[in-house]
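[1] I'll drop the sequence and a predicted model, then ask my questions.
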Amino acid sequence: MTTYIMLANWTDQGVQHVKDSPRRLDLAKKALKDMDGEFKSFFLTMGDYDIVAIYEAPDDAVAARFNLQLGMLGNIRTRTLKAFPETAYREIIKSLG
């Protein structure tokens, strides 16, 4: 599984209906699980982003499909980072010679 870090901000629509946000999160978790992925962590944050989530998905195509489905709902806008765990990081650096 590949790890992704999602940075999200509520849209005007999303913040107007912020009380529905926990239900929307539950639906997002189910949607990702149906794609064989899984949320690992979820945070409400202050600063440049409203939400930070860490999730796993089988591949980049699944992560892209998941993010597009979230965006189509109109409640959040996302930026997603592909994350490499420490073991992969060490291998990447080691391969530099």
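    Perfect, I can see it now. Numbers count the residues shown, from 1 in each chain.
[2] so what's R77 bridging to?
    Using DSSP bridges, the bridge partners assigned to R77 are N9.
[3] A helix includes R23, no?
    Yes: residue state for R23 (DSSP: H, G, I helix; E, B strand; the rest coil) corresponds to a helix.
[4] From L7, how far off is it?
    To L7, R23 is 21 Å away according to Cβ to Cβ, to the nearest Å. All C-beta spots, glycine's among them, are computed from the backbone N, C-alpha and C.
[5] which of those two has more neighbours?
    Taking neighbours as other Cβ atoms under 10 Å, R23 and L7 compare with L7 leading, 17 against 10.
[6] what's the spacing between the more buried one and K94?
    L7 sits 29 Å away from K94, going by Cβ to Cβ.
[7] Could you do G47 as well?
    From G47 to K94 the distance is 34 Å (Cβ to Cβ).
[8] so where do the strands sit in the chain?
    Counting by DSSP state E, the segments of the chain that form strands are 2-10, 38-44, 51-57, 76-83.
[9] Output those strands in CSV, with distance to A63 and mean pLDDT appended to each entry.
    Shown next, in CSV, are the strands of the chain (distance: least, Cβ to Cβ, whole Å; pLDDT from 0 to 100):
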stretch, distance to A63, mean pLDDT
strand 2-10, 5, 98
strand 38-44, 12, 98
strand 51-57, 4, 98
strand 76-83, 6, 97
